[in-house]
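[1] Sequence and predicted structure below; questions after.
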Amino acid sequence: MSSDDERRRGRGCVRWRNFRIASPGGEWEFRQAEFLASNFKKEERLMKNQHAMHSIWTTNNFRRSVIGMAVAAAWMGSAYAQSVSADGASDSGSATTTTLPTVTVTSKPDVDATTEGSGSYGAQAATIAGKVPQALNEIPNSVSVITRQRMDDQNMATLEDAMQYATGVESVSYGDTAYYSARGYQLGIEFDGISVMQGIQYMPQLDLAFYDRIEIFRGPAGVTDGVGNPGGTVNMVRKRPLDTFHIDTETQVSSFGGVRQVVDVTGPLNQDGTLRGRAVIVGADEHQSIDRYRTKEAGFYGILEYDIDPRTTVSLSAAHQVNPDSGLDFGVGGMKDGLRLPTSYSQNFSPDWNYNRNILDEVNLDLTHRFENGWKSTTTVLYRYYSTDSLYAFPFGATGADPYNQLYLGEAQRDTYSWFGADTNISGPVHVFGRDHTLTFGASYSQLNASEEFGSALLGTYDVLNPNDIPRPDIPYSAESYSAYRYEQGAVYGQARIKITDPLSVTLGGREVWFQETSESGIGEPWSVDTRLNGKFIPYAGLVYDILPNLSAYVSYSAVFEPQTGTTVGGQGIQPASGKQYEAGFKGTFLNGRLNATVAAFRIDNDHYEISDPVNLGYYLDAGQVRSQGWEAEVNGEPLPGWNVYAGYTLLNLDYTSGASAEAAGQGAGLEEPQNQFKLFTTYRFQQGAMRGWSVGGGMYAQSATSRLSTIYEQGGYAIFNAQVGYQFNKHVNATLSLNNIFNREYYARTPGTYFGQFGDLRNAMLTVRTDF
């Protein structure tokens, strides 16, 4: 058995076993599909505790009958049977020989969205579209899943790493965080299905070592997420405890001088396996492509899961992570003529005393009950806390003819954010008019409390090539800069997946939303209500038609409604963004489900969408009506044993169609969004011969030109190529050497404006050693 097979045995794959059962005419031979994922083991425990099943197994006559064996096979999984003699040969002593036809009996287990242990880049299901696991080809929208295997193979440690290789997603670096968008609009975020407000843009996230998968829903997902972010939603799904003991480690060393260590331990904590646990520890000390920029990390994630009874499971998890950065650099802006300031691409334009310290805490409690009639209820409560403390200086623009002598601005910042979220839902089948349908109902509540303190000072003019000449300032926090605000959002929602005919299903849903924003303009000042929404219904409709058993076509309609909290420089608020999305596409699964392929076309019309004011910092503009349209294609999976592949392409066009202010129109629509994106990553693990144990892989990221502030500052189109080679020493230890940006392409990860502009990583190597016991 290969090391990959060994890894999958306890991680959610299938192992075949042969059985022989005596019968009056010989033996019946069964081939059982043994599901080894933790969820199947739970179902096995559940079934073994049912008196009816016990009675079946203890009735000898029923056990020996063909019907009895068929029912038993249906319980065990996919099976077949054929007649053989007691010694395994056919009965040759009789005048005639009767060969029984092959009998196929199938049972369909619950859809499972877990990706850990699958060994594949392709997922079969996701929870982001309806709170419960749903097969991807049944979802009438574009949904991508970054599996645990792909995170490992591509050495993804941060959400920014993952979004860089997510179809249709644009990831723009900003210091030690990033801004994420899809289809021209910002993304929202969920944590295990709990939607939080302002939880992703420019926000650090927990290490990806804590997660099983990342689900991305492109386009508004208003039924289950917030008020319908037009760009889409990211759902980060935590790792769960396994039923079998495992200890995994990951050790990385990079050519930049960084080191990273992960230890992941999981398994049962009592004899009957009803109590399970998992702990993941991460430590890192990493240097970046930019000189003198250093990031550190210390993180812990722990989870306990307990089966109260065979149908009820409760889990409690907690995470803590600290990320102190030094030498943090925001880059330098472009020159007045739009050209790049001639410097090294590893140049740090900030002093060594720049620092930023982030602290993240998260607690998650959920309770799941599986009813006898197939219905399932889930209640989840989330608390998340983030604090940041930083002091930094950055060049603010040239003061004279010499572009290297620039005015430096110093800033001090101290912010805290706390999120509380709760969601309860129930989902299950109903049998009406001779067909099975699925209903989901739920309610959710989300609250964000934030406080922000800020101070700034002009530090003088300095040479950008010698930023350590800048003395560390003492910047006080001014009372005028203090602000605090609270966002609250409640909703009830429902969704029905209705089977009209065998090949045709319709999904109908909606979400009724309440929203309120209150704020405190100064310490001790009274809180005031700034925005209130007393109920808004957001509808959704989709249709899926199965052209073939493995190929479906779909269309969907989604409404967009998003309260906006920004104000113009004149003090006017901006109306809520509203609009609609139309989407149509095809989804296919090939090679017995090992390979997934999707293609989709979309159009979003959105009114009153707010964008940042490029001239007046901290203020916004009404962009009028914006149209986003284009198409996407994605392929992922394991088409051959050992060969994994992911590829995604996006074409996006953004235009102001009416009502845009002159300032917004002057910026151009979606300038930081490339019109074309192509992303690819693939690996092949040799299964036999002299190369057995070796693996090779590679990938690329390519995009067309982007710009900021109309077309003054532009980053031309570019492509980055990566490669890797690995070796499996034995079933427990493997090593991989990755080479990133192998052609040393120089480019901006963030296109500069009059200030801020970040270089992308130059050529670098990373050695990763993983163990699995």
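    That came through fine.
[2] list the helices and strands the one helix or strand Q758 maps to packs on?
    Using DSSP states H and E, Q758 sits within strand 758-759. If you count contacts as 3 or more CB pairs under 8 Å, 6 or more residues apart in numbering; DSSP states H and E, strand 758-759 packs onto strand 748-750. In this view, the C-beta of every residue, glycine as well, is placed from N, C-alpha and C.
[3] quick one: average pLDDT of the strand it packs on?
    Across strand 748-750, the average pLDDT comes to 84.
[4] Show me the contact partners of it.
    172-174, 331, 715, 756-761 (CB atoms under 8 Å, 6 or more residues apart in numbering).
[5] Show me which pair in those is furthest apart.
    Spatially, the most separated pair among the contacts of strand 748-750 is F756 and D761, at 17.6 Å (CB to CB).
[6] after the strand holding Q758 comes which helix or strand?
    Next along from strand 758-759, by DSSP H and E: strand 764-772.
[7] That next one pairs with which strands, and in what direction?
    strand 246-254 (antiparallel), strand 733-740 (antiparallel) (DSSP bridges).
[8] Tell me the gap between it and the middle of its chain.
    23 Å (CA atoms, centre = their mean, to the nearest Å).
[9] Check what contacts it and list those residues.
    Applying CB under 8 Å, 6+ apart, the set of residues contacting strand 764-772 is 7, 152, 155, 246-256, 289, 731-741.
[10] Show me how to select, in PyMOL, the buried members of the residues you listed.
    In PyMOL syntax, the buried subset of the contacts of strand 764-772 is picked out as below (16 or more other CB atoms under 10 Å):
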select buried, resi 7+152+155+246+248+249+250+252+254+256+289+734+736+738+739+740+741
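[11] Show me the protein divided up by domain.
    3-105, 125-238, 246-772 (automatic domain parsing).
[12] sorry, back to before: now, which of the contacts of strand 748-750 sits nearest F217?
    So of those, ranked by how close each gets to F217 (CB to CB), first place is V172, at 20.1 Å.
[13] Bridge partners for the closest one, pull those for me.
    Y179.
[14] which ones are touching it?
    Counted by CB under 8 Å, 6+ apart, V172 has contacts 178-181, 672, 749-750.
[15] Can you pull the poorly scored residue ranges out of the chain?
    Confidence mapping of the chain against pLDDT under 70 gives the ranges 1-110, 226-228, 334-339, 522-524, 571, 614-618, 659-671, 709-712, 754-755.
[16] residue ranges of the helices in it, please?
    Secondary structure of the chain (DSSP state H): helices at 3-9, 38-48, 51-58, 60-64, 66-76, 148-153, 159-164, 662-667.
[17] Excluding residues flanking it in the chain, which one is nearest the residue most central in space within the chain?
    The chain has I214 as the residue nearest its centroid, 2.2 Å off, counting by CA atoms, centre = their mean. The spatially closest residue to I214, leaving aside those adjacent along the chain, is I146, at 4.3 Å (CB to CB, 6 or more residues apart in numbering).
[18] Check the gap between that neighbour and K679 for me.
    11 Å (CB to CB, to the nearest Å).
[19] Surely the residue nearest to the centre of the chain is in contact with V145?
    Yes. I214 lies in contact with V145 (CB atoms under 8 Å); the separation is 7.2 Å.
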